[in-house]
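Chemist: Give me a 3D structure for the following:
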Amino acid sequence: MTGLLSRFRRRKTALAGLAVLAVAGGLTVLPHPGDAYADVHPSRSSITGADGKDYWVENHLVSGAIATQHKALQSKAKRPEYLIVWAGDSNIADTAVSQIKHLPGSLADPIQTVKNALPGPDFLAVIDATNGSPTYGKVLNTGTVGPLVENEPHHMQYVWHKGEKIYAGGLFSAATYVFDVSKLPALSLSGISLPSQTLCGSVPDAYWVLKDGTAYGTYMGGPVAPGPCRYTHGEIRSGNGFAGTPGEVVRFGPKGQNLSESPAAVATPEDPKLCLNTPSLQVPSCANPHGIQVREDLDAMVTSDYAEPRNIILDPLKNPSPYLRRPTIRTWDISDRNHPKVKSVSYLPIGPRADPKDPLHWEDRAVMETTVTNRPGHKGAFAQTMQGGAIFYTSDMTASHPVWREVFDDWTADKDFKGGGSGPGDNAGWIQTSPDDKTLYHAIVGRQKGTLGPNDPGTTGGVFSLDISKLVDAGDDYDCDIKTRDDAINGGSGSDCPDVRGQVTIGNTPAGGPHWGALDNLLQGDDGYYHETDKPERLATANYFVARTGLDGDHRVCMTDIDRDGSLSLDTDFKDEITGQPCINFNRKNWPHGAFGFAKPHSMLFVTADADTK
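Modeler: Predicted coordinates for the structure are as follows:
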């Protein structure tokens, strides 16, 4: 099963196949860590997978930097905090189909003509995120995973809590890794789930860890093999195969064991026009769950349907149908934790600026992310669209038929990014409520040149924050509703519509901004230990989506400070150890694990060792 995706990709592009064959043929050279770091100490943590093979994470601890950090923090009675970044090796297999003709040199020998062509190991980067540390922003360890390459590291959970394992997915490998971070900066591998263990789904996206240490994960793609698939509790759905439709939700144990697979598709047909499937399904479905968030106290879960992934990720079509991007949100009943059941399928409203000739950029198009409120008494949830560039809200995620309204058009904030803005096509990504339910944080990649026509210059991206306190506190009586084009441009006329609190541009080129982010929910107390806070003082973002889609970004990880008044500013002290410039640049020649060149940082978490958190 683990070779299934490689075979699929070889059929799709000779370049990707060449990269895989290069690895199989032993062409990948593993540079000695000493090539760039004289004080790296490797150590490996291995487990046996369900296929009987060994899987591992190999630490490459930079002992000199760690010793410097430890000595300095000891003298200040401080404990370390880390930013964990899930990153992939950048190589020739990242070439989008539309860009193949632009490769330098002779295509007859692309390995020799394309820099950094051969696949190397994917890894977790452990970066010092301790305020005031002399090694602030330095990479202290890279935990490389093997033997799988070309995982396309994607998302982890949205926030880390003391004692949790980290669940991390490989978009292309269909593998879920479970990492133990209790002894940071060292990592160990607790488990791995392979495609053979999740036969009813593929293309893992995001995770939510429950209080018992288990986790739900969204598998955006269809069953590993086309045809009917029987889920854990006997339900049967038919799918059109790997990276197709419908997806599922998997519950994992802390060793990566599959506790249950639950269908995201309902048994009855969904709208056949809005829910296009390629190849078509007898029971049409938009069930391609991407974002996932949970309220255990409400026995509720919300997932957002993004797209039928293989058509935009593995081999982007020149003109894919806009109806392959989904307009749907699903709410779930999780009262039986091992048997989540879809409770409602909601179609988001199209919106007031929708151009009948351009359905790809209707406000409801490509629901990438969702986020829930957190406080007792609040039942609301938000959803965000990537192509549509709009934010939607329901005041009650537990209702039998939640009502979703557009409450913010990215246009209101995008117009202040370089190049001006108009929400459609802004490639909006990460969205997250603050723990106190007062602020909503949102990352924007920015719009590519030519998206809205030949004269479209595109826009840069960044992060903005919204004051949502009035909206959430209004409960079911909120009146915000974006109904007109003027509302879209100026933020709405309702008394409780969200207001922009802060904004910072990240990225200097069109569509070069951040796709993903994480709030720092940890704050050091007077006792010297870290405690969770409901008022985060910073967040981290990464400028990378998926290279095969053409949204490659500049591969930087940046830190943004959140001021008391809600304003945002780039943390210029979080500097790259090589360039000395703000943000950590993953486009570098050397890493603690060797001279493998550029890397693609996708998601991140703020984490401490268990002994440093209360």
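Chemist: Please name the residues that touch Ser434.
Modeler: If a contact means C-beta atoms under 8 Å, 6 or more residues apart in numbering, then Ser434 has 440-441, 519, 534-536 as its contacts. C-beta coordinates here come from the backbone N, C-alpha and C atoms, glycine included.
Chemist: let's see 7 Å
Modeler: 534, 536 (C-beta atoms under 7 Å, 6 or more residues apart in numbering).
Chemist: repeat for Leu440
Modeler: 382, 431, 433, 465-466, 468, 498.
Chemist: cool, and Ile47?
Modeler: So Ile47 contacts 55, 189, 191-192 (C-beta under 7 Å, 6+ apart).
Chemist: If you rank those by neighbours, which is first?
Modeler: In terms of neighbours by other C-beta atoms under 10 Å, these top out with Ile192 at 26 neighbours.
Chemist: Just checking, which helix or strand succeeds the helix or strand hosting that one along the chain?
Modeler: Ile192 belongs to strand 188-193 when assigned by DSSP states H and E. Scanning forward in sequence from strand 188-193 by DSSP H and E, the next helix or strand is strand 202-209.
Chemist: Off-centre distance for that following strand?
Modeler: Per C-alpha atoms, centre = their mean, to the nearest Å, the displacement of strand 202-209 from the mean C-alpha position of its chain is 9 Å.
Chemist: Report the two of the contacts of Leu440 separated the most.
Modeler: Phe382 and Ser465 (13.0 Å; C-beta to C-beta).
Chemist: Between these two, which is the more surrounded one?
Modeler: Ranked by neighbour count (other C-beta under 10 Å), Phe382 and Ser465 place Phe382 first, with 30 against 26.
Chemist: That one is in what secondary structure piece?
Modeler: In this structure, Phe382 is located in strand 381-385 according to DSSP H and E.
Chemist: got the buried residues for that strand?
Modeler: 381-385 (16 or more other C-beta atoms under 10 Å).
Chemist: The helix or strand that comes right after it: partners in the sheet, and parallel or antiparallel?
Modeler: Later in the chain than strand 381-385, the nearest helix or strand by DSSP H and E is strand 390-394. Strand pairing for strand 390-394, using DSSP bridges, gives strand 381-385 (antiparallel), strand 405-409 (antiparallel).
Chemist: Which of the ones you listed sits closest to Ala307?
Modeler: Across the strands paired with strand 390-394, closest to Ala307 is strand 381-385 (C-beta to C-beta), at 11.0 Å.
Chemist: Quick one: residues in contact with the closest one.
Modeler: 302, 304, 329, 348, 363-373, 391-394, 397, 404, 428, 431, 433, 440, 442.
Chemist: quick one: which of the residues you listed sit in strands?
Modeler: Cross-referencing the contacts of strand 381-385 against strands under DSSP state E gives 302, 304, 329, 367-372, 391-394, 428, 431, 433, 440, 442.
Chemist: that older thread, would you convert the contacts of Ile47 into a markdown table that also reports pLDDT and distance to Asp333?
Modeler: Listed next are the contacts of Ile47 as a markdown table, based on pLDDT from 0 to 100; distance: C-beta to C-beta, whole Å:
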| residue | pLDDT | distance to Asp333 |
| --- | --- | --- |
| Tyr55 | 98 | 34 |
| Leu189 | 98 | 33 |
| Gly191 | 98 | 27 |
| Ile192 | 98 | 29 |
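Chemist: wait, which of those residues is closest to Gln157?
Modeler: Nearest to Gln157 among those, counting by C-beta to C-beta, is Gly191 at 14.8 Å.
Chemist: who touches that closest one in this structure?
Modeler: Taking C-beta under 7 Å, 6+ apart, one finds 47, 178, 255-257 in contact with Gly191.
Chemist: what about the stretch 201-350 of the chain, any weak spots by pLDDT?
Modeler: 313-319 (pLDDT under 70).
Chemist: Could you do the stretch 351-500 of the chain as well?
Modeler: Residues of the stretch 351-500 of the chain meeting the criterion pLDDT under 70: 418-422.
Chemist: give me that answer again for 90
Modeler: The stretch 351-500 of the chain contains residues with pLDDT under 90 at 354, 414-424, 450-459, 493.
Chemist: That one: helices as residue ranges?
Modeler: Taking DSSP state H, counting those that start in this stretch as the test, the helices found in the stretch 351-500 of the chain are 411-414, 469-473, 485-490.
Chemist: and if you look at the chain?
Modeler: Listed in chain order, the helices of the chain (DSSP state H) span 4-12, 14-24, 63-75, 110-113, 411-414, 469-473, 485-490.
Chemist: and those, which one's lowest on average pLDDT?
Modeler: Set side by side, the helices of the chain give their lowest mean pLDDT on helix 14-24, at a mean of 33.
Chemist: where along the stretch 51-200 of the chain do the strands fall?
Modeler: For the stretch 51-200 of the chain, the strands defined by DSSP state E, counting those that start in this stretch occupy 54-62, 82-89, 123-128, 139-146, 166-170, 175-180, 188-193.
Chemist: Next up, the contacts around Gly320.
Modeler: That one is not Gly; residue 320 is Pro. By C-beta under 7 Å, 6+ apart, the residues touching Pro320 are 311-312.
Chemist: Distance-wise, check it relative to Val62.
Modeler: Going from Pro320 to Val62 by C-beta to C-beta, to the nearest Å gives 43 Å.
Chemist: how about the closest residue to Asn141 other than its chain neighbours, what does it touch?
Modeler: Closest residue to Asn141 apart from its sequence neighbours, by C-beta to C-beta, 6 or more residues apart in numbering: Val126 at 4.0 Å. Going by C-beta under 7 Å, 6+ apart, Val126 touches 82, 84, 140-141, 184-185.
Chemist: from the residues you listed, which is closest to Pro510?
Modeler: Looking across the contacts of Val126 and measuring by C-beta to C-beta, the closest to Pro510 is Ile84, at 29.5 Å.
Chemist: hey, what's the closest one bridged with?
Modeler: Val126, Leu605.
Chemist: is it true that it touches Leu124?
Modeler: Yes - Ile84 is in contact with Leu124 according to C-beta atoms under 7 Å; the separation is 5.7 Å.
Chemist: Centre of the chain to the edge, which residue is at the far end?
Modeler: What lies farthest from the middle of the chain is Ser75; by C-alpha atoms, centre = their mean that is 37.0 Å.
Chemist: one step back: rebuild the helices of the stretch 351-500 of the chain as a markdown table, extending it with mean neighbour count.
Modeler: Output for the helices of the stretch 351-500 of the chain, formatted as a markdown table (neighbours: other C-beta atoms under 10 Å):
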| stretch | mean neighbour count |
| --- | --- |
| helix 411-414 | 25 |
| helix 469-473 | 20 |
| helix 485-490 | 18 |
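Chemist: out of the ones you listed, nearest to Asn590?
Modeler: Comparing those under C-beta to C-beta, the one sitting nearest is helix 411-414, at 36.9 Å.
Chemist: Residues in contact with the closest one: which ones?
Modeler: 389, 421-423, 426, 444, 459, 464, 488-491, 500, 503.
Chemist: Could you rerun that using 10 Å?
Modeler: Contacts with helix 411-414, where a contact means C-beta atoms under 10 Å, 6 or more residues apart in numbering, come from 353, 363, 389-391, 420-424, 426, 428, 442, 444, 446-447, 459-466, 482, 485, 487-492, 497-500, 502-503.
Chemist: Alright, I will stop here.
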